[in-house]
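> Quick one: sequence plus predicted model below, questions after.
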Amino acid sequence: MNNNMENNTPTSPITKSSKGVVVTILIIIVLALSGYLLYDKVLSKKDTNETKESSEPSEDDVLTDEEALKIGNELFGYVTNYGDYYNENKYVYDDTEELEIDGDIAYELSNYDEIMSHYAKDCKMVRWSESDVPDGEEEVACESDVIITKDTKHYYLELMQGDNIYFAFFGKLTVANKTSDKIEFAIDYAYCADGTYADSDEEEYPNKCLVYDDEGEEVTKTLDPYKVSKPFVIVKEGNDWKVQKYYIYN
């Protein structure tokens, strides 16, 4: 009698429906973990890489040498006024309103902002002289060439410039290095040493330094000019290319 009662006593078994619920929950947890691991290990890195790639300039943004030289020559000609790169319309001022500032003749500029729009924010001009190299380079702000600012007004200084150097010729810009937002050029400055002369009209001895006789009439010999290679650097600010660094003979 007791044995029968013990065998028929309910033992609170887990019902079939309860097992189904537990299995379903476990499956959901496994799928959630799998999804998280997939995103963390694969998809998130892909998204990061795509974002990084989209924010970095592509090779398609880098100018060709031809495009770079076109922009470089225009900017070089604007800021240097050397040889064939002379720009007589760079400074706009009324030459009837002559002033004297620190002993120099000066005129108030009317296009200061337009001039400075060609220069990058950190633009540097380097004055140099072949006679003082390597200590003869002086780095200054780009507007320090012939512009002076006093009492919020800007003036063009008419400086009397002269030296004992004869430039034989100026080389052409060549592309040294370029990225999507910075281009470095190189240009040769060829000059004649003391006692020799360069004559741009001398067809018989093009790009040569000439040594004349004591009367200064006949060429006794010719020499190759000295060459100094200097960098010219432009950078992209916004959508515009601007000058970051250039050299000017002091």
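That came in fine, so what should we check first? Here the structure is a predicted model, which means the values were calculated and not measured.

> ok, how many other residues are close to the closest residue to Leu75 other than its chain neighbours?
Leaving aside its sequence neighbours, Leu75 sits nearest to Val243 (C-beta to C-beta, 6 or more residues apart in numbering; 5.2 Å). Heads up, the C-betas are built off the backbone N, CA and C, glycines and all. By other C-beta atoms under 10 Å, 22 other residues sit near Val243.

> likewise Phe232?
That count, for Phe232 with other C-beta under 10 Å as the rule, works out to 23.

> returning to what we had before: check contacts around the residue nearest to Leu75.
The contact partners of Val243, by C-beta atoms under 8 Å, 6 or more residues apart in numbering, come to Leu75, Phe76, Tyr78, Val79, His118, Tyr119, Ala120, Cys123, Cys142, Phe232, Val233, Ile234.

> what sits against Asp156?
Let me fix one detail, which is that residue 156 is Tyr and not Asp. Tyr91, Tyr93, Ala106, Tyr107, Glu108, Leu109, Val146, Ile147.

> 10 Å instead, please
90-93, 95, 104-112, 115, 145-148 (C-beta atoms under 10 Å, 6 or more residues apart in numbering).

> now those: which count as buried?
In the contacts of Tyr156, burial by neighbour count holds for Lys90, Tyr91, Tyr93, Ala106, Tyr107, Leu109, Tyr112, Ile115, Asp145, Val146, Ile147, Ile148, counting by 16 or more other C-beta atoms under 10 Å.

> In what element of secondary structure is the first one found?
Okay, so that is Lys90. If you go by DSSP states H and E, Lys90 is not part of any helix or strand.

> Let me know whether it touches Val146 as I believe.
Yes. When contacts are counted by C-beta atoms under 10 Å, Lys90 is listed as touching Val146 (9.4 Å).

> so where do the helices sit in this structure?
2-7, 16-38, 44-55, 65-80, 112-116 (DSSP state H).

> any idea which of the ones you listed scores lowest on pLDDT?
Ranked by mean pLDDT, the helices of the chain bottom out at helix 2-7, with a mean of 50.

> So, low pLDDT: which residues of this protein?
1-23, 35-36, 38-60, 81-87, 130-136, 159-166, 200-201, 250 (pLDDT under 70).

> Columns distance to Asn207 on top of the buried ones among the contacts of Tyr156, output as JSON lines?
Shown next, in JSON lines, are the buried ones among the contacts of Tyr156 (distance: C-beta to C-beta, whole Å):
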{"residue": "Lys90", "distance to Asn207": "27"}
{"residue": "Tyr91", "distance to Asn207": "31"}
{"residue": "Tyr93", "distance to Asn207": "36"}
{"residue": "Ala106", "distance to Asn207": "37"}
{"residue": "Tyr107", "distance to Asn207": "36"}
{"residue": "Leu109", "distance to Asn207": "36"}
{"residue": "Tyr112", "distance to Asn207": "38"}
{"residue": "Ile115", "distance to Asn207": "32"}
{"residue": "Asp145", "distance to Asn207": "27"}
{"residue": "Val146", "distance to Asn207": "29"}
{"residue": "Ile147", "distance to Asn207": "33"}
{"residue": "Ile148", "distance to Asn207": "37"}
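
> now, which of those residues sits nearest Ala193?
Taking C-beta to C-beta as the measure, Ala193 sits nearest to Asp145 out of the buried ones among the contacts of Tyr156, at 25.8 Å.
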